[in-house]
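Student: sharing a model prediction with you, sequence too.
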Amino acid sequence: MAERLTTRLRELREARGWTQAQLGERIGVSRKTINTVENGIFIPSTLIALKLAAVLETSVETLFSVAE
């Protein structure tokens, strides 16, 4: 069975009342990048993952996990 990356990005972003565009602005990426990460289309680089975790005040491990 293939592994895939899952994320709590949407849940944590919405809990703060932020739009995808607002989150993107906070870390220096486009709304489309946030959208594709949330929908599992794009696996973020380490740098983007670290920035997302920092701005959402969580760990990368909490934000992302590997599922089978």
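Tutor: Nice, I can see it.

Student: measure the residue most central in space within the chain to Thr19 for me?
Tutor: In the chain, the residue lying closest to the centroid (CA atoms, centre = their mean) is Leu9, at 4.2 Å. According to CB to CB, to the nearest Å, Leu9 stands 13 Å off from Thr19. C-beta: built from backbone N, CA, C; applies to glycine.

Student: ok, now which ones touch the spatially closest residue to the residue nearest to the centre of the chain that is not a sequence neighbour?
Tutor: By the measure of CB to CB, 6 or more residues apart in numbering, the closest residue to Leu9 outside its immediate chain neighbours is Glu38, 5.0 Å from it. Shown in contact with Glu38 (CB atoms under 8 Å, 6 or more residues apart in numbering): 7, 9-10, 13, 20.

Student: now swap in Ala21 and tell me
Tutor: With CB under 8 Å, 6+ apart, Ala21 has these contacts: 31, 34.

Student: mind starting the numbering at 662 from now?
Tutor: Will do, 662 is the new start, and the previous item becomes Ala682.

Student: for the top helix by length along the chain, list every residue counted as buried.
Tutor: In the chain, ranked by residue count with DSSP state H as the criterion, the top helix is helix 707-716. Buried positions in helix 707-716, judged by neighbour count with 16 or more other CB atoms under 10 Å: 709-710, 712-714.

Student: follow-up on the earlier one: the residue nearest to the centre of the chain contacts Asn696, doesn't it?
Tutor: No. Leu670 is beyond contact range of Asn696, at 9.9 Å (criterion: CB atoms under 8 Å).
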